[in-house]
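Chemist: Just need the structure, nothing else, for what follows:
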Amino acid sequence: MAGMPKGRLVPMAAGSVAAIAVAIGGAAWWLERQHFEATDNAFVEADKVAIAPQIDGYVSEVLVTDNERVAPGQVLVRIDPATIRARLAQAEANAAALQAGVRQVDDKARLEEAMIAQRAASLEAARAQAKFAQAELDRYGALAQKGWAAPQRAQSARAAGDQAVANVAQAQATLETERRAAQSLGSARAQTQAQAQAAQAAVDSARIDLSRTEIRSPVAGVVGARGVRLGQYVRPGGALMSVVPVTEAYVIANFKETQIARLRVGQPVEIHADAFGGKAIRGRVLSFAPATGSEFALIPVENAVGNFTKIAQRLPVKIAVDRAQPYAGALRPGLSVDVKVDVTRNTGPSFAEAGSGPVQLARRGE
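Modeler: Modelled structure (predicted):
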């Protein structure tokens, strides 16, 4: 090189430096490729809850504002309860009246029991009287045949015996009437009791509706998409707002099918979000989706065509976020992130072994 012109020495030196840089970069890429699987097709998601009323009415209070943090059970909206309170009062009065009707039937039943006992005693008295009359008839009949008693006396004894038999029949009929009346009271009580139970169910339903005038947050999170306003008339099922559990956010990363074979449940993940200036957030692979994203599309892709071209499909992989980190609670659903999975850790089942994902984790006690 001593005799080489300076004009050629500089380009050769620059080329050598460039070749070395390319070699170093290629080696770094190759090492990175061996240790990690990465994708930028990843997004933050959360199981947001749509808040909707279960009754209709006018909104009397809106107790939260946009982007406000709420706790589980916190009252978000109140619906005017005046109409439901009136319905509850009417239902309670109706239930009380029917319960009183049941007690009245019970009182009548107890009275009928006493009447049945009285009629049974009267029947026994009539039977005793009939027995005595028959004995009198037998005695005076025998005396009349022997001439020791007047025939009129025997006729009187016979008439008394016939009357006693009639009294027995009358007492039996009266006793049967009272028994049938008692049976009818049993049927009337069953009917009134059923009506009272239906009335109590109406009371319970009104109380449930009254409790539903206070719409509470089912989860902890942040209020979003608040569309409800004071005085608005709302109907069951109409969305009022959403509560996003931002502290329970997770990442869905769509890996190519050529990358899936090296992924395993439990492998550590680095998550980088542009919103945090590239700061890394730790996570771990939680589970694999049961199908590729195209299978859940509104119009699935039809591959049975003559001009088919194979395209690498992407499988959604759910990644749990380590909650102990400073930025973990700041993730917002919809943010795009870059994820990088350390595939050197063989911590859990692979995609082929995982099956249903979370079930495997439960079985492993994780």
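
Chemist: When you work out contacts or count neighbours from here on, use the C-alpha atoms and nothing else.
Modeler: Noted.

Chemist: now the helices for the stretch 1-150 of the chain?
Modeler: The residue ranges that make up the helices of the stretch 1-150 of the chain, judged by DSSP state H, counting those that start in this stretch, are 6-35, 82-145.

Chemist: Tell me the bridge partners for residue 339.
Modeler: residue 39, residue 271 (DSSP bridges).

Chemist: same thing with residue 234?
Modeler: With DSSP bridges as the rule, residue 234 is bridged to residue 57.

Chemist: what's it in contact with, if anything?
Modeler: Residue 234 makes contacts with 53, 55-59, as judged by CA atoms under 8 Å, 6 or more residues apart in numbering.

Chemist: do you know how far it is from residue 215?
Modeler: From residue 234 across to residue 215, the span is 12 Å (CA to CA, to the nearest Å).

Chemist: which residues do these two both contact?
Modeler: residue 53.

Chemist: what's the spacing between the residue sitting nearest the centre point of the chain and residue 173?
Modeler: Centroid check for the chain by CA atoms, centre = their mean gives residue 218 as the closest residue, at 11.8 Å. Here residue 218 is placed at a distance of 67 Å from residue 173 (CA to CA).

Chemist: now swap in residue 238 and tell me
Modeler: From residue 238 to residue 173 the distance is 67 Å (CA to CA).

Chemist: how many other residues sit next to residue 327?
Modeler: 14 (other CA atoms under 10 Å).

Chemist: scratch that, residue 163 is what I was asking about
Modeler: Count around residue 163 with other CA under 10 Å applied: 16.

Chemist: again with residue 131
Modeler: 15.

Chemist: try residue 311
Modeler: For residue 311, using other CA under 10 Å, the count is 8.

Chemist: now residue 66
Modeler: Neighbours around residue 66, by other CA under 10 Å: 12.

Chemist: wait, it sits on residue 221?
Modeler: No - taking contacts as CA atoms under 8 Å, residue 66 lies outside contact range of residue 221: 11.9 Å.

Chemist: just so I have it, where are all the strands in the stretch 201-350 of the chain?
Modeler: 214-216, 221-224, 233-234, 241-244, 250-256, 268-273, 280-288, 314-321, 336-342 (DSSP state E, counting those that start in this stretch).

Chemist: Return the member of the helices of the stretch 1-150 of the chain having the minimum mean pLDDT.
Modeler: Of all these, mean pLDDT reaches its minimum on helix 6-35 (a mean of 61).

Chemist: Low-confidence regions, the stretch 251-366 of the chain specifically.
Modeler: 300-309, 348, 352-366 (pLDDT under 70).

Chemist: thinking again about what came up before, now tabulate the strands of the stretch 201-350 of the chain in a markdown table and tack on distance to residue 97.
Modeler: Formatted as a markdown table, those follow (distance: least, CA to CA, whole Å):
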| stretch | distance to residue 97 |
| --- | --- |
| strand 214-216 | 30 |
| strand 221-224 | 46 |
| strand 233-234 | 34 |
| strand 241-244 | 42 |
| strand 250-256 | 56 |
| strand 268-273 | 66 |
| strand 280-288 | 59 |
| strand 314-321 | 58 |
| strand 336-342 | 64 |
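
Chemist: Residue 329: which of those strands is closest?
Modeler: The minimum distance between residue 329 and these falls on strand 314-321, with 9.3 Å, by CA to CA.

Chemist: Which neighbouring elements make contact with that closest one?
Modeler: Under the contact criterion of 3 or more CA pairs under 8 Å, 6 or more residues apart in numbering; DSSP states H and E, strand 314-321 touches strand 250-256, strand 280-288.
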